[in-house]
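In: what's the 3D shape of this:
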Amino acid sequence: MSAPVPVVCAIILREDRVMLAQRAPGKTLAGLWEFPGGKVETGESAEDALHRELQEELGCTVRITQTLAPFDHAYSWGSIRLIPFVCELTRDSPEPHAHEHAALAWVTREQLSAYELAPADVPLLGAW
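Out: The predicted structure follows:
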């Protein structure tokens, strides 16, 4: 069995809301909501991967405010090691746009249960 693939994700907070991104049609887990991020490339730090992925996927920049404990999640097609970061948009960041997602949503903690999250993201609910 191969080692879990390292994947970063951003819990982006703004006031009392958190950003969720909906996976695009045709992608693995299409239609499910997630905390945005992606795979860590060889030789890249988790922090660098987070900044690169958010720039590519959302066109925004963030400041990391907290690093949460990584954990493994097994899917039928393989395992990932999710490395979560709590972040906020930098003062000069453009407003995030869904470049690779179907939609973005800023939701309150109370609204989170209305969104069907990717299974690996579920343990992060209430982690911040």
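In: wait, is D92 part of a strand?
Out: No - membership of D92 in a strand is not supported by DSSP: H, G, I helix; E, B strand; the rest coil, which gives coil.
In: Direction included, what does the longest strand anywhere in the chain pair against?
Out: Selection of the longest strand in the chain by residue count, based on DSSP state E, yields strand 78-89. Paired neighbours of strand 78-89 in the sheet (DSSP bridges): strand 5-14 (parallel), strand 62-67 (antiparallel), strand 71-75 (antiparallel).
In: could I get those strands as a markdown table with distance to E95?
Out: Any C-beta I mention is one placed from the backbone N, CA and C, and that applies to glycine too. What follows is those, written out as a markdown table (distance: least, Cβ to Cβ, whole Å):
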| stretch | distance to E95 |
| --- | --- |
| strand 5-14 | 10 |
| strand 62-67 | 13 |
| strand 71-75 | 30 |
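In: Which among the ones you listed is found nearest to E116?
Out: Across those, the minimum distance to E116, taken as Cβ to Cβ, is reached by strand 71-75, at 15.4 Å.
In: pLDDT on that closest one, on average?
Out: In this model, strand 71-75 carries a mean pLDDT of 95.
In: which other residues reach it?
Out: Outside of strand 71-75, the residues within contact range by Cβ atoms under 8 Å, 6 or more residues apart in numbering are 4, 79-82, 119-120, 123.
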